[in-house]
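Asks: 3D model of this:
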Amino acid sequence: MSHQAAKLEELVNQSRNTVAKKTRFIAVTSGKGGVGKSTISSNMAYIMARYGLKVGIFDADIGLANLDVMFNVKIKKNILHVLKGEATVEEILVPIEKNLVLIPGESGEEIFKYASSGLFERFMDQSSVLDDLDVMIIDTGAGIGEHIQLFLRACDDVIVVTVPDPAAITDAYATIKVTSRVRNEINVIMNQVRNQREAQALFDKIHKVAQINIGKELNLLYLGQISSDQKIVNSVKKRALFSREFPTSTPSLELEAIVKRIAKKLERNVLVNPRESGLGGLFKRLMEHF
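Replies: From the prediction side, this is the model:
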């Protein structure tokens, strides 16, 4: 195990608390599609689980849900079937690895059609099966749609993924601007970059524009970069995780460094309200913002 990996595992172990623990909800979003958001979400979840965190990944990219492709699994039913009473929460869960489970999702609009029904209450009771999750990653859709913003408001952390393409940068900034109305801290990952220097320069431009037009009250954080690499392309084509196929590759090591930064935030989860755990905790938050 590398020194960096050992430090990550140490941070993970420090962050866990068996007395009272809530799930940390992390939304991964983007201004436009095709920037590698789901690739980053799935590999991030895998790395977290590999180092001992109990992770759920919720596929909320409506219309373009593709985490089943990323993990090379088949989805039969999703959370909407649970809300309709056609399946239980446990029946829709898809185990991926030790400590990692996929939760097939649906749109906020569809979900909240059932918010006032008795079925929704039953769903909340069933969702306790996921109360031991340390982290839930929500892979949202791209853009600034209302149901996407619903998830972004409900999460502890928001990560905006973009690539060094003018249109993608413009759309990423639009997402940042809209999201800044409801939260004052947003993280950015630069994907498919040539090197760290290019990534930092692009982020600095976004940051400068945000400070001028949004204001210095927004804390825009550079979380890290993922270098462009043919290994990632090959892995996606094979329906495989690049961090599992090529653990010592540059992109895998860069994503490990990003996960390490996220793991530090988990230390804030000590002695908090355990009612904000798992799937039920996420939906309680969503209801508050609906």
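
Asks: could you pull out the helices for the stretch 101-250 of the chain?
Replies: 108-111, 118-126, 146-154, 166-179, 196-213, 230-237, 242-245, 250-265 (DSSP state H, counting those that start in this stretch).

Asks: buried set for whichever strand or helix holds R285?
Replies: Assigned by DSSP states H and E, R285 belongs to helix 278-289. By neighbour count on 16 or more other CB atoms under 10 Å, the buried set for helix 278-289 is G278, L279, G280, G281, L282, F283, R285, L286. In short, each C-beta sits where N, CA and C put it, glycine included.

Asks: between the residues you listed, which is closest to K76?
Replies: For these, the minimum distance to K76 (CB to CB) is 18.1 Å, reached by L279.

Asks: can you give me the mean pLDDT across the helix holding R285?
Replies: Across helix 278-289, pLDDT averages out at 77.

Asks: now do stretch 74-82
Replies: 86.

Asks: Show me how far that stretch is from its chain's centre.
Replies: 19 Å (CA atoms, centre = their mean, to the nearest Å).

Asks: could I have that stretch exported to CSV, CA atoms only?
Replies: Output in CSV follows, covering the C-alpha atoms of stretch 74-82 (Å, rounded to 0.1, in the frame of the first residue of the first chain):
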residue,chain,number,x,y,z
LYS,A,74,-28.3,-5.1,-14.6
ILE,A,75,-31.0,-3.0,-13.0
LYS,A,76,-34.5,-4.4,-12.8
LYS,A,77,-36.3,-2.0,-10.5
ASN,A,78,-35.5,1.4,-9.0
ILE,A,79,-36.7,3.6,-6.1
LEU,A,80,-39.9,4.5,-7.9
HIS,A,81,-41.0,0.9,-7.7
VAL,A,82,-40.5,1.0,-4.0
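
Asks: hang on, the earlier thing: make TSV out of the buried residues of helix 278-289 and add distance to A263.
Replies: Shown next, in TSV, are the buried residues of helix 278-289 (distance: CB to CB, whole Å):
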residue	distance to A263
G278	19
L279	22
G280	24
G281	19
L282	20
F283	25
R285	22
L286	25
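
Asks: In those, find the pair that's most separated.
Replies: G278 and L286 (13.1 Å).

Asks: what angle do the host helix or strand of I40 and helix 230-237 make?
Replies: With secondary structure defined by DSSP H and E, I40 is part of helix 37-50. Relative orientation of helix 37-50 versus helix 230-237 (axes from the mean of the first three to the mean of the last three CA atoms, to 10 degrees): 90 degrees.

Asks: continuing past helix 37-50, what's the next helix or strand?
Replies: Using DSSP H and E, the first helix or strand after helix 37-50 is strand 55-60.

Asks: how about the next helix or strand after that next one: buried residues?
Replies: Going down the chain from strand 55-60, the next helix or strand is helix 67-71, by DSSP H and E. For helix 67-71, burial by neighbour count (16+ other CB under 10 Å) applies to L67, D68, M70, F71.

Asks: What residues does the first one make contact with?
Replies: If a contact means CB atoms under 8 Å, 6 or more residues apart in numbering, then L67 has S38, S41, S42, I57, D59, D61, L102, P104, D139 as its contacts.

Asks: got it, and the last one?
Replies: For F71, the contact set (CB under 8 Å, 6+ apart) comprises S42, V94, I96, L102, R239, L241.

Asks: now those as TSV including distance to E256 and pLDDT?
Replies: Shown next, in TSV, are these (distance: CB to CB, whole Å; pLDDT from 0 to 100):
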residue	distance to E256	pLDDT
S42	15	96
V94	24	94
I96	18	95
L102	21	94
R239	22	93
L241	13	96
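
Asks: now, which of those residues sits nearest G224?
Replies: Ranked by distance to G224 (CB to CB), these are led by S42 at 16.7 Å.

Asks: Just put the contacts of L67 in CSV and tack on neighbour count and distance to T88.
Replies: As requested, the contacts of L67 are exported to CSV (neighbours: other CB atoms under 10 Å; distance: CB to CB, whole Å):
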residue, neighbour count, distance to T88
S38, 25, 26
S41, 26, 25
S42, 27, 24
I57, 30, 19
D59, 28, 18
D61, 24, 23
L102, 24, 16
P104, 22, 13
D139, 30, 22
